[in-house]
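> I would like the atomic coordinates for the input below:
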Amino acid sequence: MKSIQPDAGTARARNVIVLLMLALSVLSYIDRTVISIAGPTLIKEFGFSETEMGSIYSVFILSYALFMFPGGWLADRFGPRLILALTSMGSALFTALTAFAGLPMLSATLGTLPSFLWVRLGFGLCTAPLYPACGRLTANWFPVVSRARVQGVVLSGAALGGAITPVLFSRLIANLGWRVSLGLAATATAAVSIMAYWHARDTPPNPVLEGEEALPGDTAATEALRRPEWRELLANRNLLLLTVGYFTLNYFEYIFFYWIYYYFGEVRGLGRDMSAIYTTVLLLTMMVMMPLGGWLADRLIPHWGPQVSRRRVAVAGMVLSALLLYLGINITHTLTMVALLSLALGLAASSEGPFWASAIDAGGRQAGAAGGLLNSVGNFGGLLAPTLTPYLAERFGWTYGLHFGGLMVLLGAASWFLIQPVEDLSLARPSQAEGEL
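The predicted structure is shown next:
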């Protein structure tokens, strides 16, 4: 099939789309992880146990995971632009409402812990459609040979947001308090949400997708979007195997998101400031390596095809991450430990782009729903990690609590080998479109 090259206007529009999705991703992770930086303060202020604090983290992930599949369908049905606006504005609202949890009025009515649980439950519900909607937008705007790197860039916003949060918000919380800090995060999210809705569009204006027979906006595609075939997705062997692998990857990564700051400060005794710096180093490594893994998988497509190239990148990253985690937590030298744990998280994250690109391709015209299924099941791993990790740590020690994460990610790597070969999509070799991001 003849490859259609995008014009300059479409290329610029693609760059804007990626930057907007990246910005929403960054702010989403600031909103969801700032509470982990406030965690030690909340534990002392309200007398929460580590397990109770873990339940506050996990209840967000519960509603986040449950609503992600229908959130992806909504992006397919009503367009990703509208859903991205609604999800980011809702996230801003519930981030602001978190600042009111624990106040005497709510505590007297609901109880202190339940007030946090209900607000974070609503936050997860609003945040859920974000990445499935981004996946739908990626499917609409980008060819197959660019999707792993685009998703890698978008998802790297999670690491960037997580990297910014410890350094910025540990100081803001110390100086302004955790409630004011949450209000500032909510304001920034609302502002970028408005900007994204103003500039983004659901589909490109011209036929620019390489290797596609129909445009996302044509009549056939529109009719396909209005007839959701969830049974077909749920019967897709390859998509289900991807969700299993993504479950283990999320478990591994969420340990770092929610407990590595605590591990550095309270278990290793490094103090608040150094813990913030080292946590930032880990997340910056993740931010760099996530798009790098997507880029590498895309570059290898002309040689091995999409399935093999993505599998090799993902498996290598996941296996090496388990090995480096094992080495890192058994080393006493602080800088060496931080370096090994940084590489462990970064290599695991390098498989994110291949996972998402493969799910988008498997979903076809239901790319949003497919991404929702992937991320929904994946985040049940994230739901498990914040509570199971301290549970294991209380009984066996933090070393074994973290070792279990390494075991999980190895199982996820093995799942890639069960994916059945599929007929290659019509692919264009790398072209001038590769330079766009």
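> which residue ranges of the stretch 151-300 of the chain form helices?
Ranges of helices in the stretch 151-300 of the chain, per DSSP state H, counting those that start in this stretch, are 178-199, 219-225, 230-234, 237-262, 272-329.
> report the rounded mean pLDDT for the shortest one.
What it means is helix 230-234. The pLDDT scores in helix 230-234 average 72.
> CA-only coordinates of that helix in CSV, if you can.
Coordinates of the C-alpha atoms in helix 230-234 are reproduced here as CSV (Å, rounded to 0.1, in the frame of the first residue of the first chain):
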residue,chain,number,x,y,z
TRP,A,230,-16.5,-5.7,23.9
ARG,A,231,-16.9,-9.5,23.5
GLU,A,232,-14.4,-9.4,20.7
LEU,A,233,-11.9,-7.5,22.8
LEU,A,234,-12.4,-9.9,25.7
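> hmm, back to that, L411: which of the helices of the stretch 151-300 of the chain is closest?
Among those, helix 237-262 comes nearest to L411, with 5.3 Å by Cβ to Cβ. Using the backbone N, CA and C atoms, a C-beta is placed for each residue, glycine as well.
> hmm, which helix or strand of this structure has the shakiest average pLDDT?
None of the helices or strands of the chain scores lower by mean pLDDT, DSSP states H and E than helix 219-225, at a mean of 39.
> would you mark the buried spots in stretch 398-415?
Buried residues in stretch 398-415, defined by neighbour count with 16 or more other Cβ atoms under 10 Å: 398, 401-406, 408-410, 412-413, 415.
> run the chain-centre distance for that stretch.
19 Å (Cα atoms, centre = their mean, to the nearest Å).
> how about stretch 37-54?
24 Å.
> tell me the pLDDT at G161?
At G161, pLDDT is 84.
> before we move on, what SS does the closest residue in space to it that isn't next to it in sequence have?
Of all residues not flanking G161 in the chain, Y29 sits nearest, at 3.1 Å (Cβ to Cβ, 6 or more residues apart in numbering). When classified by DSSP: H, G, I helix; E, B strand; the rest coil, Y29 comes out as helix.
> circling back: what's the closest of the buried residues of stretch 398-415 to G271?
Of the buried residues of stretch 398-415, the one sitting nearest to G271 (Cβ to Cβ) turns out to be W398, at 17.2 Å.
> and that closest one, how far is that from G111?
30 Å (Cβ to Cβ, to the nearest Å).
> and if you look at A128?
A128 is 25 Å from G111, by Cβ to Cβ.
> quick one: which of these two has more around it?
A128 (30 against 13; other Cβ atoms under 10 Å).
> now do the phi/psi pair for the residue nearest to that one when sequence neighbours are not counted.
By the measure of Cβ to Cβ, 6+ apart, the closest residue to A128 outside its immediate chain neighbours is F67, 3.9 Å from it. Dihedral pair for F67: phi -90, psi 0, per degrees, to the nearest 10.
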